[in-house]
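In: Sharing a sequence plus its predicted fold:
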2 protein chains.
Amino acid sequence: MASKKTQEPEIRSWSDLQTSDARWVALKKIDFIDQTGTPRSWEVAVRKTTSSSGVDAVAIGNILVHPSKPPSTMLVIQYRPPLGKYTVEWPAGLIDEGETAEQAAVREMKEETGYEGRILETSPAVSSDPGLTNATLQLVMMEVKLKADEPMPEQRLDDGELIERVVVPLNELYDRLLKWSQDDKYMVAGKLFYFAAGMNFAKSSGYV
Amino acid sequence: MASKKTQEPEIRSWSDLQTSDARWVALKKIDFIDQTGTPRSWEVAVRKTTSSSGVDAVAIGNILVHPSKPPSTMLVIQYRPPLGKYTVEWPAGLIDEGETAEQAAVREMKEETGYEGRILETSPAVSSDPGLTNATLQLVMMEVKLKADEPMPEQRLDDGELIERVVVPLNELYDRLLKWSQDDKYMVAGKLFYFAAGMNFAKSSGYV
């Protein structure tokens, strides 16, 4: 059961963490020979949780289809301590051991939004931030068909999770993300922003 | 001057790296009070290079406009040791101390592709991977006008940098990224993939 919000989150301290003391992440040094034959090294941040599928995470590019409302998407807003802000993202999560990307997408969508949907397409594994980390993810596009008077379902959050849901019409998505970005309390997740920017570019740039 | 390729890169070893021994990245532990009033902690990977602007990096969403060829974009392919693969990305780089995102975009575009262009739009700072890191970036959209018989300009790479340039028509971008992803030697950068997926979605889904 999700917990109730009683206060704004508050950062108490940032302290150095050694790899040997970390539970979820680690730093690694890669020694390699580059294309010119020169020995070099690279520092990388690694998740300790990568599942045996080799892919770390899924994000759910969801489309809510309603009989009378415009096609929309459900975004999730949650406090992210690394940024000290609330991030605006698509539902997402780590792939559990033994899960496929599709199974993880269905599970995370249900947990974070309450909705079940039909998978339209699963992306190949892509790199989250190739200069910094070996973390990878897959984007699962999912269609959720809503009935006319369907109430928003219950979330199934873990204890301590507090995730706000916001429905945004797809044709307003880019402008809404820009607007959130103007408020210092929020930051938009880069990949969601790029998807919206790509949609907006296709519709309004005149190039494609 | 860029160096010549003489061999395929080769990973020699991955070893644990302690934060106290790392030059470019660090792990931090954040102690915070969550929304329910409960003390919690979060482990985060941090770049040691974040400029005083507070934003780590820029990526250049470039559009090559040619008098007779279709609107295209220049992608860069480089070996990324964290993934042990060649990544397909938009030109990008860290923002240097004292630079604006626009200045960094012009500089990186020139270094990695040789081209100079006109900035169309600069995104707000967005989060690279909000669960893992505090790293942020800005997407700078840039238009490069080409003349009919203009040869591809020289890159201005640092010694040891080896970056291949590939021009892809915008209306083929999504399919080309999917094709690269089928080859185990390559991985597409997530944000570029999302932009292309957003363009493709806007054009072909029927929802927007």
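Out: Arrived safely.
In: residue contacts, the nearest residue to A:A57 once chain neighbours are set aside?
Out: Among residues not flanking A:A57 along the chain, A:L137 sits closest, at 4.2 Å (Cβ to Cβ, 6 or more residues apart in numbering or on different chains). (Glycine included, C-beta is placed from N, CA and C.) By Cβ atoms under 8 Å, 6 or more residues apart in numbering or on different chains, the contact set of A:L137 is A:V55, A:D56, A:A57, A:V58, A:A59, A:A92, A:A125, A:V126, A:S128, A:K191, B:G190.
In: Distance of A:L137 relative to B:T100?
Out: Distance of A:L137 to B:T100, given as Cβ to Cβ, to the nearest Å: 30 Å.
In: follow-up on the earlier one: may I see the contacts of A:L137 organised as a markdown table, with secondary structure added?
Out: Listed next are the contacts of A:L137 as a markdown table, based on DSSP: H, G, I helix; E, B strand; the rest coil:
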| residue | secondary structure |
| --- | --- |
| A:V55 | coil |
| A:D56 | coil |
| A:A57 | strand |
| A:V58 | strand |
| A:A59 | strand |
| A:A92 | strand |
| A:A125 | coil |
| A:V126 | strand |
| A:S128 | coil |
| A:K191 | helix |
| B:G190 | helix |
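In: Dump these to TSV, plus distance to A:E43, neighbour count and pLDDT.
Out: Output for the contacts of A:L137, formatted as TSV (distance: Cβ to Cβ, whole Å; neighbours: other Cβ atoms under 10 Å in any protein chain shown; pLDDT from 0 to 100):
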residue	distance to A:E43	neighbour count	pLDDT
A:V55	22	21	95
A:D56	19	24	94
A:A57	21	26	96
A:V58	27	29	97
A:A59	26	25	98
A:A92	25	24	97
A:A125	22	22	98
A:V126	22	25	98
A:S128	16	24	96
A:K191	23	30	98
B:G190	20	29	98
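In: and of the residues you listed, the nearest to B:R23?
Out: A:S128 (21.6 Å; Cβ to Cβ).
In: In PDB, list the C-alpha atoms belonging to the one helix or strand A:D175 maps to.
Out: Using DSSP states H and E, A:D175 maps to helix A:173-181. Provided in PDB are the C-alpha atoms of helix A:173-181 (Å, rounded to 0.1, in the frame of the first residue of the first chain):
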ATOM      1  CA  LEU A 173       2.900  16.900 -24.500                       C
ATOM      2  CA  TYR A 174       5.900  18.900 -25.800                       C
ATOM      3  CA  ASP A 175       4.500  22.300 -24.600                       C
ATOM      4  CA  ARG A 176       3.600  20.800 -21.200                       C
ATOM      5  CA  LEU A 177       7.100  19.400 -20.700                       C
ATOM      6  CA  LEU A 178       8.500  22.900 -21.500                       C
ATOM      7  CA  LYS A 179       6.200  24.400 -19.000                       C
ATOM      8  CA  TRP A 180       7.200  22.000 -16.200                       C
ATOM      9  CA  SER A 181      10.800  22.800 -17.000                       C
END
